[in-house]
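Engineer: Just a sequence and a predicted model for now, questions to come.
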Amino acid sequence: MVFIFCVYTAKAQSAVDNQIHYISDTTVNFDGLVKKFKGRLIYVDMWATWCRPCRQELKQAKDVANFQRFAVKNNIVTLYICLDRDGSYWKSFINRNDLFGYHILVNHRFYDDLHTKFAVSQLRQGKIKKSLYIPRHLIIDRNGLVADSSAGGQGSAAVYSELTKLLK
């Protein structure tokens, strides 16, 4: 299945973004995924169904719904990147929690790309190790550059502030 992006008017785009879209492009990496939304602000939520803090955050229906309204109103893409290995629980969690926006389940190559770009180095047991912690949120500006690599969750006042600033 090929995922096709089309150009819409702002009103039509808002209607499209108020739905759940699954991206099935298995060749894409992080930069390629961001390019698909060129010219738009992107709020990225990296998560996994096995991650308890991720599930708790995404089950905050009021925060998620309020953020979604804000994103649709301001033509901001909400992009969920799931780090599950098999995806057996992925779509049911998304549908059950009304996580409107764009969703992609990473493959091994995509995960390695995310790990290279966003993992944090730290000293553990006398060795430097890199870990990709989730939940993790990013804000991508209209030029496809990471404006905030450690943004807060969807209910965070700092996220609304940063996105509002980038909208100007």
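Structural biologist: It's in. Residues are numbered from 1 along each chain as shown.
Engineer: rest of the way, CA atoms for contacts and neighbours
Structural biologist: Will do.
Engineer: residue ranges with poor pLDDT in the protein?
Structural biologist: 1-17 (pLDDT under 70).
Engineer: show me where it has helices.
Structural biologist: For the chain, applying DSSP state H gives helices covering 10-17, 30-35, 52-58, 61-73, 90-96, 108-118, 157-167.
Engineer: Tell me which of those helices sits nearest to K129.
Structural biologist: Closest to K129 of the helices of the chain is helix 108-118 (Cα to Cα; 11.4 Å).
Engineer: For the closest one, name the packing helices and strands.
Structural biologist: helix 30-35 (3 or more Cα pairs under 8 Å, 6 or more residues apart in numbering; DSSP states H and E).
Engineer: and the helix it packs on, how far from the chain's centre?
Structural biologist: With Cα atoms, centre = their mean, to the nearest Å as the basis, helix 30-35 stands 12 Å off its chain's centre.
Engineer: Now stretch 83-100: buried residues?
Structural biologist: If you call a residue buried by 16 or more other Cα atoms under 10 Å, then stretch 83-100 has these buried ones: 83-84, 90-91, 94, 97-100.
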